[in-house]
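Engineer: model this:
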Amino acid sequence: MQGGFPIDLILFAMVAAFLVLRLRSVLGKRQGFERQPQPQPLPDGRVARADGVVEEIAPARREARRIIPDPRGPVGQGLARIGAADPSFEPNGFLDGAEGAFRMIVGAFAAGDRATLRPLLSDDTYAGFEGAISSRENAGESQRTEIRSMHEMAIEGADLRGTTAEVTVRITSDQVNLTTGRNGEIVAGSDAITEVTDIWTFQRDVTSGDPSWRLVATRSA
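Structural biologist: Numbering: from 1, shown residues only. I've put the predicted structure just below:
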């Protein structure tokens, strides 16, 4: 071997250094399916994240209990007539849609969201809701309504008159309802959670290409 630096050893060292750096760049990254650090539960029900931030645990959304009447009774027979006129109608599926509509309508009414309310309500029902919203706005009042949980969705009435199907549902939920004035003072309701039972009636023309049911009547039980 001639004098001077061994070029082959220098090349090997360079390759080794490159491989070490390459391995560090790969192994130092999280892989897609690697388990992330899990929040630690605290005694008060909150959780502490790995970065030290404490978070509230959002309550799980609980599905309301569905009650379908006996098919041999008058309400059950009414449901059967609706199903015969509209093969797409199915009581449990209807109640799923009714619960979704209930949540949307209650929230939209509290927020004064007329655009959301309009297609969900009949003309007469919308007029009543819109009048209440306008009165609230003119008085400088704001409404806060929170549906904390749904307990029960029960079909209490069903009929088919001509081509118009009508279904009445008893809806039981836990809510917070609070109305405040211009200065933030409470003028009605409270922060307390209250069980509320509503009786809502929905209608639909079974010959219409529009599959939507509209709310035509409301009352409290």
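Engineer: got a list of what the residue nearest to Ser190 when sequence neighbours are not counted touches?
Structural biologist: For Ser190, the nearest residue in space outside its immediate sequence neighbours is Leu178; the separation is 6.3 Å by Cβ to Cβ, 6 or more residues apart in numbering. C-beta here means a position set from N, CA and C on the backbone, and glycine is covered the same way. Listed by Cβ atoms under 8 Å, 6 or more residues apart in numbering, the contact set of Leu178 reads 143-145, 186, 188-191.
Engineer: and the host helix or strand of Leu178, which strands flank it?
Structural biologist: Per DSSP states H and E, Leu178 falls inside strand 164-180. Here strand 164-180 has these sheet partners by DSSP bridges: strand 142-161 (antiparallel), strand 186-189 (antiparallel), strand 194-205 (antiparallel).
Engineer: want to throw those strands into JSON lines with mean neighbour count?
Structural biologist: Below are those laid out as JSON lines (neighbours: other Cβ atoms under 10 Å):
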{"stretch": "strand 142-161", "mean neighbour count": "17"}
{"stretch": "strand 186-189", "mean neighbour count": "13"}
{"stretch": "strand 194-205", "mean neighbour count": "16"}
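Engineer: where among these is the average confidence lowest?
Structural biologist: Mean pLDDT per stretch puts strand 186-189 lowest among these, at a mean of 91.
Engineer: pull out the buried positions in the strand holding Leu178.
Structural biologist: Neighbour-count burial for strand 164-180 flags 164-173, 175-180 (criterion: 16 or more other Cβ atoms under 10 Å).
Engineer: what of stretch 83-101?
Structural biologist: 83, 86, 89, 91, 94-95, 98-99, 101.
Engineer: are we agreed that Pro119 is in a helix?
Structural biologist: Yes - looking at Pro119 with DSSP: H, G, I helix; E, B strand; the rest coil, it is inside a helix.
Engineer: in contact with Thr164, which residues?
Structural biologist: 203-206.
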